[in-house]
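Enquirer: got a structure for you, letters missing:
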């Protein structure tokens, strides 16, 4: 099969280099080039080496957007610029591999997705834990009924970031929660759907950048369940990231650190699904971050080639962002 010609719009997202490397190493993809609108950033990236050594740099975005042979574009701009860049990608008739989150402007994101659906353009968000074997197993167990009725989900995904990174993210209400929580909300709403109510607690406790919320919690309320997502920006490395799902028949805990992860603590009220009653440890394949990017891209390409349907419908991509913006107070609906 002829490789799909792809380009990249932007390099300021934290996943940008990893996504480029995935495109460069995927045999079904031909990387045509990158457009970076910031001249200083472009200069720095051209001197960075690695995956950027041999890449072509577009002088004008129209070289990329107007090229009919380019089928898809990876949207890898800064959080504050990526929504409009993705809108340009969709308007140009290109499929979009869009890194999270999907901007602060909820009406604009709805417009972009509506245009994409009307034109049969595929937009896949860059939530790589969808392809993490541990998260996938827990989702399968929850959706199959193995765990019974889910009544609680708890997700801890803290990090450590520099003062410079805090200053950049501080322009967004809810700070580190806005930046990272989409990964966990993607999992929560896949299991539980749209929450009835969301509440956020966003504080600056380290004091390094006062405008930056660095210690944050989001609570999602459902008819018969609650989910709690906590994210801080000053956790000692390596971070102890953890994901827990509790149901009436059992619980599944993705033990820290879930990245890359290695096993799940599964506890069942009764033997079922090939698993024994009580506590057991279920190992799974260890997948590093780059491997998750690769799996993301493989799924994206497979959809474009007609080999599989999207792993998440467009309604889910909208719901994740709506939930993030509701929890952070950007919208009230």
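Expert: Great, that's in hand. It should be emphasised that the depicted structure is a prediction, and the values quoted were computed from it without experimental measurement. Residues are numbered from 1 along each chain as shown.
Enquirer: Could you break the chain into its assigned domains?
Expert: Structural domains of the chain, as assigned by automatic domain parsing, span the residue ranges 4-127+292-310, 133-286.
Enquirer: Nearest to residue 320, out of the ones you listed?
Expert: Taking C-beta to C-beta as the criterion, residue 320 comes closest to domain 133-286 out of the domains of the chain, the separation being 5.0 Å. In this view, the C-beta of every residue, glycine as well, is placed from N, C-alpha and C.
Enquirer: now that closest one, how far from the chain's geometric center?
Expert: Relative to the mean C-alpha coordinate of its chain, domain 133-286 is positioned 13 Å out (C-alpha atoms, centre = their mean, to the nearest Å).
Enquirer: nearest to residue 326, of the domains of the chain?
Expert: Once C-beta to C-beta is applied to the domains of the chain, the stretch that comes out nearest is domain 133-286, at 4.6 Å.
Enquirer: Now tabulate the domains of the chain in CSV and tack on distance to residue 326 and mean pLDDT.
Expert: Conversion of those to CSV gives the following (distance: least, C-beta to C-beta, whole Å; pLDDT from 0 to 100):
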stretch, distance to residue 326, mean pLDDT
domain 4-127+292-310, 9, 97
domain 133-286, 5, 97
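Enquirer: Mind putting those into CSV with distance to residue 321 and mean neighbour count?
Expert: Shown next, in CSV, are these (distance: least, C-beta to C-beta, whole Å; neighbours: other C-beta atoms under 10 Å):
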stretch, distance to residue 321, mean neighbour count
domain 4-127+292-310, 4, 19
domain 133-286, 7, 18
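Enquirer: Let me have the ones you listed in a markdown table, extended by distance to residue 323.
Expert: Formatted as a markdown table, the entries for the domains of the chain read as follows, by distance: least, C-beta to C-beta, whole Å:
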| stretch | distance to residue 323 |
| --- | --- |
| domain 4-127+292-310 | 11 |
| domain 133-286 | 5 |
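Enquirer: what's the closest of these to residue 319?
Expert: For the domains of the chain, distance to residue 319 was read as C-beta to C-beta. The smallest value, 5.3 Å, belongs to domain 133-286.
Enquirer: closest one to residue 328 among the domains of the chain?
Expert: Comparing the domains of the chain against residue 328 with C-beta to C-beta, the closest turns out to be domain 133-286 (3.7 Å).
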